[in-house]
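Participant: Return atomic coordinates for the entry below.
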Amino acid sequence: MLAWSWMMEDVLPFVAMLMLTCLDMVVLTVVKAAMNDGLGSIVYVVYHNTLGTLILLPFFIIHMIRKVDRPPLTLRILFKFFILGLLRICLFEILAYIGVSYSSPTMATAIGNLAPGFTFLIAVFLRMEKIDIKSSSTIAKLLGTILEISGAMVFIFYHGPLILRMTGNLNSDNRLLLSQESKWVFGGLIITAGAIFGCIWAVLQTKTSREYMDQQTIVFFYCLFGTIQCIAVSPFLERNRNAWVLHPGIRVTAVVLGAVCSTVVHINVVIWCLRKKGPVFVVMFSPLSIVIAMIMGVTFLGDSLHLGSVIGAMVIIGGVYTVICGQAKDKNKVPVVVVDDDLDVSDEPGSSDQTAPLLLSRNEAEC
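Facilitator: Next up, the predicted model:
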């Protein structure tokens, strides 16, 4: 019994988060390969979220039938859901995937790891966090945020000497082995802008969860509103009608894999691990995504690995763990949202933040 308890409480959550991190990077690599094959970023966002919302629909209907004592929906609450959808899906995802199309999954995961620091600064601005210079937790979070931003600047603006590149056969028709020429700095800045919107969403989502204690309803409605918003702006961002036709191949695979993995696999695993181990345990795996993204980018996308990317990634990872250390020391200030026992799916495609502003999606980060 002791061995089984140890397996369930310690080993399985570790293995689950490790496999989930790898799966997230596989999905992001496939999405980037599909973009190299001609899939537009806005096309992916629209199809990905439409399919994801349809997957969420039956779970939401079952939830409505089972939970008859849910809080009433008012216009004020629906407006908050509308703002959450605007921030998380329409602004964050569109900017993030545009940035990925110009840069790489490695860039997206590196910038995505700025979320704990950015969220801390936003929480301070909104007076959800207080800065106490005498507090070791505050010093850790400030130092970690400075390290994260510094590492991101190195990652974006400094390439340095080439360390490794596996180009494969340049004459091959397999586009999965090649990466388009990246407009690195532009892509990094676009992803950073998207990450800021994502962090604002994380803070507001936490406040909304405290006010409206029905997480599945929140998730479904902001997914629905965000998808509608993306559809509304899509004709202005992609006017070529042929771009919206998905032929069988890597493009369809990317859309289906992204939606299914994010809504079914990713979210349920994260919720289970949050219940078992808490938010600090879950977010500790986020920096690992940078390493996996680098390996997959070089191996499958033909990306170049430069010294600046390695240095920047190491500094970001150090900053992330410093912020986490500060959060762990300040447990009373980490707002926890209790997840209902009947919650099967509790976030939109690609998101993992259900507990505190400390957490934000890798995939679509994440991206």
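
Participant: From now on I want contacts and neighbour counts done on CA atoms only, so please keep to that.
Facilitator: Noted.

Participant: any idea which element the closest residue to residue 238 other than its chain neighbours lies in?
Facilitator: Setting aside the residues directly before and after it, residue 238 is nearest to residue 42 in space (CA to CA, 6 or more residues apart in numbering), at 7.0 Å. Using DSSP states H and E, residue 42 sits within helix 41-66.

Participant: following that helix, which helix or strand shows up next?
Facilitator: With secondary structure assigned by DSSP H and E, helix 41-66 is succeeded by helix 75-85.

Participant: If you count contacts, what does that next one end up packed against?
Facilitator: Under the contact definition 3 or more CA pairs under 8 Å, 6 or more residues apart in numbering; DSSP states H and E, helix 75-85 sits against helix 184-211, helix 215-237.

Participant: Using PDB, write out every CA atom in it.
Facilitator: In PDB, the C-alpha atoms belonging to helix 75-85 read as follows (Å, rounded to 0.1, in the frame of the first residue of the first chain):
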ATOM      1  CA  LEU A  75     -24.800  40.600 -18.000                       C
ATOM      2  CA  ARG A  76     -21.900  41.800 -15.900                       C
ATOM      3  CA  ILE A  77     -20.500  38.300 -15.600                       C
ATOM      4  CA  LEU A  78     -20.900  37.600 -19.300                       C
ATOM      5  CA  PHE A  79     -19.100  40.900 -20.100                       C
ATOM      6  CA  LYS A  80     -16.200  39.700 -18.000                       C
ATOM      7  CA  PHE A  81     -16.200  36.400 -19.900                       C
ATOM      8  CA  PHE A  82     -16.100  38.500 -23.100                       C
ATOM      9  CA  ILE A  83     -13.100  40.400 -21.900                       C
ATOM     10  CA  LEU A  84     -11.300  37.100 -20.900                       C
ATOM     11  CA  GLY A  85     -12.000  35.700 -24.400                       C
END
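
Participant: and the angle for the next helix or strand after that helix with helix 215-237?
Facilitator: Along the chain past helix 75-85, the next helix or strand (assigned with DSSP H and E) turns out to be helix 94-102. For helix 94-102 against helix 215-237, the angle by axes from the mean of the first three to the mean of the last three CA atoms, to 10 degrees is 60 degrees.

Participant: Summarise which helices and strands the helix holding residue 42 is packed against.
Facilitator: Helix 41-66 sits against helix 94-102, helix 215-237, helix 250-260, with contacts defined as 3+ CA pairs under 8 Å, 6+ apart.

Participant: residues of the first one that come out buried?
Facilitator: Of all the residues in helix 94-102, those buried under the rule 16 or more other CA atoms under 10 Å are 94-102.

Participant: helices or strands next to the next helix or strand after it in the packing?
Facilitator: Per DSSP H and E, helix 94-102 leads on to helix 105-112 as the next helix or strand towards the C-terminus. Packing partners of helix 105-112 (3+ CA pairs under 8 Å, 6+ apart): helix 12-36, helix 94-102, helix 136-157, helix 184-211, helix 288-300.

Participant: now those in JSON lines, with distance to residue 260 and mean pLDDT?
Facilitator: Output for the helices and strands packed on helix 105-112, formatted as JSON lines (distance: least, CA to CA, whole Å; pLDDT from 0 to 100):
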{"stretch": "helix 12-36", "distance to residue 260": "10", "mean pLDDT": "89"}
{"stretch": "helix 94-102", "distance to residue 260": "18", "mean pLDDT": "92"}
{"stretch": "helix 136-157", "distance to residue 260": "30", "mean pLDDT": "86"}
{"stretch": "helix 184-211", "distance to residue 260": "21", "mean pLDDT": "86"}
{"stretch": "helix 288-300", "distance to residue 260": "20", "mean pLDDT": "86"}
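
Participant: Out of these, which is closest to residue 60?
Facilitator: The closest of the helices and strands packed on helix 105-112 to residue 60 is helix 184-211. By CA to CA, the value is 16.5 Å.

Participant: between that closest one and helix 136-157, how many degrees?
Facilitator: Note on geometry: by the same axes, to 10 degrees, helix 184-211 and helix 136-157 are set 150 degrees apart in direction.

Participant: and residue 46, how many neighbours does it have?
Facilitator: Neighbourhood size, residue 46 [other CA atoms under 10 Å]: 26.

Participant: same question, residue 31
Facilitator: 28.

Participant: Residue 20 and residue 204: what is the separation?
Facilitator: For residue 20, the distance to residue 204 (CA to CA, to the nearest Å) stands at 26 Å.

Participant: got the contact list for the residue nearest to residue 190 when sequence neighbours are not counted?
Facilitator: Of all residues not flanking residue 190 in the chain, residue 99 sits nearest, at 5.1 Å (CA to CA, 6+ apart). Residue 99 makes contact with 108, 186-191, according to CA atoms under 8 Å, 6 or more residues apart in numbering.

Participant: ok, now with 6 Å
Facilitator: Applying CA atoms under 6 Å, 6 or more residues apart in numbering to residue 99 gives the contacts 187, 190-191.

Participant: what does residue 129 give?
Facilitator: Residue 129 touches residue 123, counting by CA under 6 Å, 6+ apart.
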